[in-house]
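*Asks:* fold the following and give me the result.
(one chain, ligands or ions: 1)
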Amino acid sequence: MSLAGKRIAVTGAFGTLGAAVVQAALHAGATVAAIDRADAPPAGVDLAGAHRFGGIDLAEAASAKNAIDAAVKELGGLDALVNIAGTFRWETLAEGKLETWDFLYRVNLRTAVAASQAALAHLREGGRIVNVGALSALKAGAGVGAYTASKSGVMRFTEALAEELKERDITVNAVLPSIIDTPPNRKDMPKADFGKWVKPRQLADVILFLLSDQAAAVTGALIPVVGRV
Ligand SMILES: NC(=O)c1ccc[n+]([C@@H]2O[C@H](COP(=O)([O-])OP(=O)(O)OC[C@H]3O[C@@H](n4cnc5c(N)ncnc54)[C@H](OP(=O)(O)O)[C@@H]3O)[C@@H](O)[C@H]2O)c1
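*Replies:* The predicted structure is shown next:
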């Protein structure tokens, strides 16, 4: 899959999936702006070759705009945005806090909306936005009300923006991962069969397809990427 000449901004780029997408996009020939709230990638995560923008809270509109504008300046334009910033909390309603709902809405949905609004000033015909929802948000289970509500928001946002941008020929899609094979998931679920989980690189490959010229006719899609879960 070639992304030669594409200028791509990736949020949550210092995390597990974000780093995999940055590395895969660089390998496919793109130039990449890696944006994250963390100041720098964790030890052992190699984002050499990417333009890095750390210490950015994308849930703040002004910060998101400054980061996207700075990325556009360094890349010389913008062809695509990948909204990966996000997080997870397990908490029952009976024992949980109302603030958790605000927190997950902020990190999972508001970041994607703010970054997308900032990117819209720069994306042109053929542009791409890819979001990350969650398979578990298709039907919630115990303890994931706040999380799945925020990820349902990402999915509805994806559909709405896809419709709004059809006339501009900009596609907007989302991937819905089941469980990604990440170090925190391995720690939290030590007895699980890790081989069934989605590898970050496998998810990155689906995202790369959605960014490519070959996916020009795909928009408003919510694509489950489940591995063998
Ligand atoms: N892991 C899974 O099994 C799974 C399953 C379904 C969906 N997903 C989704 O997939 C995406 C990536 O997951 P992951 O496991 O790779 O997560 P991760 O390693 O925690 O990476 C997420 C990154 O986003 C950053 N971030 C959080 N809030 C931000 C903000 N306000 N502004 C800018 N950056 C922010 C985090 O920075 P800090 O570390 O500083 O907070 C972190 O570097 C997330 O959207 C997640 O909800 C994951």
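
*Asks:* C-alpha from now on. contacts and neighbour counts both.
*Replies:* Fine.

*Asks:* pLDDT score for the residue positioned nearest the centre of the chain?
*Replies:* Nearest to the mean C-alpha position of the chain, by Cα atoms, centre = their mean, lies residue 84 at 1.9 Å. Note for residue 84: predicted pLDDT of 98.

*Asks:* got it, and residue 207?
*Replies:* 98.

*Asks:* what about it, neighbour count?
*Replies:* Residues within reach of residue 207, counting by other Cα atoms under 10 Å, total 23.

*Asks:* how about the one 10 residues further on?
*Replies:* By other Cα under 10 Å, the residues close to residue 217 number 10.

*Asks:* SS state for it?
*Replies:* Secondary structure, DSSP: H, G, I helix; E, B strand; the rest coil: residue 217 is coil.

*Asks:* identify the residues contacting residue 38.
*Replies:* Neighbour list for residue 38: 14, 54-56 [criterion: Cα atoms under 8 Å, 6 or more residues apart in numbering].

*Asks:* JSON lines for these, including secondary structure?
*Replies:* Below are these laid out as JSON lines (three-state DSSP):
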{"residue": "14", "secondary structure": "coil"}
{"residue": "54", "secondary structure": "coil"}
{"residue": "55", "secondary structure": "coil"}
{"residue": "56", "secondary structure": "coil"}
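
*Asks:* closest to the ligand out of the residues you listed?
*Replies:* Closest to the ligand out of the contacts of residue 38 is residue 14 (4.5 Å), distances taken as Cα to the nearest ligand atom.

*Asks:* so the closest residue to the closest one other than its chain neighbours is in which element?
*Replies:* In space, residue 14 comes closest to residue 41 once its chain neighbours are excluded; the distance is 4.8 Å by Cα to Cα, 6 or more residues apart in numbering. Here residue 41 sits in a region with no helix or strand, counting by DSSP states H and E.

*Asks:* ok, residue 41 - how many residues close by?
*Replies:* Close neighbours of residue 41, defined as other Cα under 10 Å, add up to 19.

*Asks:* pretty sure the residue nearest to the centre of the chain sits against residue 134.
*Replies:* No. At 11.4 Å, residue 84 and residue 134 do not qualify as touching, with contact defined as Cα atoms under 8 Å.

*Asks:* overlap in contacts, these two.
*Replies:* The contact sets of residue 84 and residue 134 do not overlap (Cα under 8 Å, 6+ apart).

*Asks:* get me the contact residues on this structure for the ligand.
*Replies:* Applying Cα under 6 Å from any ligand atom, one finds that the chain approaches the ligand through 12, 14-18, 36-38, 56-59, 84-88, 107, 111, 132-134, 177-180.

*Asks:* okay, buried residues for the helix or strand that residue 207 is a member of please.
*Replies:* Per DSSP H and E: residue 207 is located in helix 200-211. For helix 200-211, burial by neighbour count (16 or more other Cα atoms under 10 Å) applies to 200-208, 210-211.
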